[in-house]
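**Student:** Let me see the structure of the following:
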Amino acid sequence: MTSVRQFQTLMGGAFVLSAVTGCLPAPQADAPTPEPARTLVETGNVHSLYHEEGLDDAAWLELSRTEESGGPIGGYFTSPPNARRAFVLLLQGANPGGAEMRLPHTLSTHRSLGRAFVQAGFSTWTPYFPECGIPYGSKDLDDVLAAIDWLTEDGATSFNVDRLYVVGYSKGATLATLANLRRRATAYVSLNGLTQPDSLEKNWLVYGLTVTVYPANEGFCQMKSTLDAYGPPGSPAWDVLDAVSRIDQLVSPELFVHDIDDPVYPSAGTQAMQTRYQAGLAAGEQLVPLDFIFLPGFNHFAVRTDPAIHQQIVDYLLRFEPAEP
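**Tutor:** Numbering: from 1, shown residues only. Just a heads-up that it's a prediction; the model follows:
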């Protein structure tokens, strides 16, 4: 008889299989997608802000970088009229389609996951980071660190920011936690992310067989790049994705939210982080404050769109905001 844990493991691989059978768009050629019509609104030392034709709830914010540094970082930006001196950097999950879905997926994430932050007075920016050919925790992490560096330096001055929050979902949550090992922020939030590579190693064969079917799907392409880069299960290279063993290197407070029966990124990693955190505190270790919320669901996607969950995240961020006069 299949145990609950065995079933969850099988379902993690089945998510990829279900995508192959029709849950995701058909493969598209990874051809350049024309940029929408944009009009320059503002320039700074290294950033530009554009109005994008047809949008009234977001602008396009682009950070200039040389090609040697990875090229520009662009994404959707919203600042409410009652803006706090606080900025939320939103790190999205994997693109569920080809190149033609990059901007629609980024805008969808910005509007769904970002709405609650804007309503609470936070400015938000949801950048698109290249995926295909880039293993998790490599150049994508470098891009996140570059965005954080800018937002805590030139960006902080340009946008009148005192506090920076980094909120990531799924793959973006994985990057948020890895960034917390390297850069300080006011606080981080991880939504259904990886804190260790165990589930990828456990499903290595299933993922490896299935991701090749959709080579033009950017999310799958990045998964394949990850499997190829870090090698078979047990390879030491996978340690780069293990934040649990480096919990003492986290530099900022972080909230971890995870569906207890998440079929994509199992919650076992977040549970391991909580166990290690509690053991460390009991042993007298000096660790940054970590908080955990486990949702009673067999889901992975609801945290991206559920207003009730978003309000819990806003409430967490408000802990770090100065009291209103």
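
**Student:** Val166: what secondary structure?
**Tutor:** strand (DSSP: H, G, I helix; E, B strand; the rest coil).

**Student:** any idea how far it is from Gln119?
**Tutor:** Applying C-beta to C-beta, to the nearest Å, the value for Val166 to Gln119 is 19 Å. Placement of C-beta: from N, CA and C, glycine included.

**Student:** Packing partners of the helix or strand hosting Gly280?
**Tutor:** In the assignment (DSSP states H and E), Gly280 maps to helix 268-282. Helix 268-282 is packed against helix 198-202, strand 254-259, strand 290-295, with contacts defined by 3 or more C-beta pairs under 8 Å, 6 or more residues apart in numbering; DSSP states H and E.

**Student:** try 10 Å this time
**Tutor:** helix 4-18, helix 171-179, helix 198-202, strand 254-259, strand 290-295 (3 or more C-beta pairs under 10 Å, 6 or more residues apart in numbering; DSSP states H and E).

**Student:** Val166 and Gln119: which is more packed in?
**Tutor:** Val166 (29 against 14; other C-beta atoms under 10 Å).

**Student:** Was I right to think that one contacts Val144?
**Tutor:** Yes - Val166 lies in contact with Val144 (C-beta atoms under 10 Å); the separation is 7.9 Å.

**Student:** Give me the common contacts of the two.
**Tutor:** Leu89, Leu91, Gly172, Leu175, Ala176, Ala179, Arg183 (C-beta atoms under 10 Å, 6 or more residues apart in numbering).

**Student:** possible to save those residues as TSV with pLDDT and distance to Ile309?
**Tutor:** Listed next are the shared contacts of Val166 and Val144 as TSV, based on pLDDT from 0 to 100; distance: C-beta to C-beta, whole Å:
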residue	pLDDT	distance to Ile309
Leu89	98	19
Leu91	98	16
Gly172	97	15
Leu175	98	19
Ala176	98	16
Ala179	98	21
Arg183	98	25
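
**Student:** nearest spatial neighbour of the residue nearest the centre of the chain, skipping sequence neighbours?
**Tutor:** By C-alpha atoms, centre = their mean, the chain has its centre lying nearest to Gly172, at 1.3 Å. Counting by C-beta to C-beta, 6 or more residues apart in numbering, the nearest residue to Gly172 once its immediate chain neighbours are dropped is Leu91, at 3.0 Å.

**Student:** Now that neighbour: phi and psi?
**Tutor:** phi -110, psi 110 (degrees, to the nearest 10).

**Student:** how about it, what does it touch?
**Tutor:** Per C-beta under 10 Å, 6+ apart, neighbours of Leu91: 75, 109, 113, 126-127, 129, 140, 143-144, 147, 166-176, 179, 188-191, 193.

**Student:** beta partners of it?
**Tutor:** Per DSSP bridges, the residues bridged to Leu91 are Gly168.

**Student:** in the stretch 201-325 of the chain, which spans are helices?
**Tutor:** 204-210, 218-230, 268-282, 302-305, 307-318 (DSSP state H, counting those that start in this stretch).

**Student:** Give me the contacts around the last one.
**Tutor:** Spelled out, that is helix 307-318. Against helix 307-318 from outside (C-beta under 10 Å, 6+ apart): 84, 86, 88, 112-117, 119-122, 163, 165, 167, 186-187, 189, 191, 253-255, 257, 259, 291, 293, 295, 302-304, 306.

**Student:** Among these, name the buried ones.
**Tutor:** Buried residues within the contacts of helix 307-318, counting neighbours by 16 or more other C-beta atoms under 10 Å: 84, 86, 88, 112-117, 120-122, 163, 165, 167, 186-187, 189, 191, 253-255, 257, 259, 295, 303-304, 306.

**Student:** where are the low-confidence patches of the chain?
**Tutor:** 1-33, 325 (pLDDT under 70).

**Student:** Counting neighbours, which bits of stretch 54-68 end up buried?
**Tutor:** Leu55, Ala58, Ala59, Trp60, Leu61, Glu62, Leu63, Ser64.
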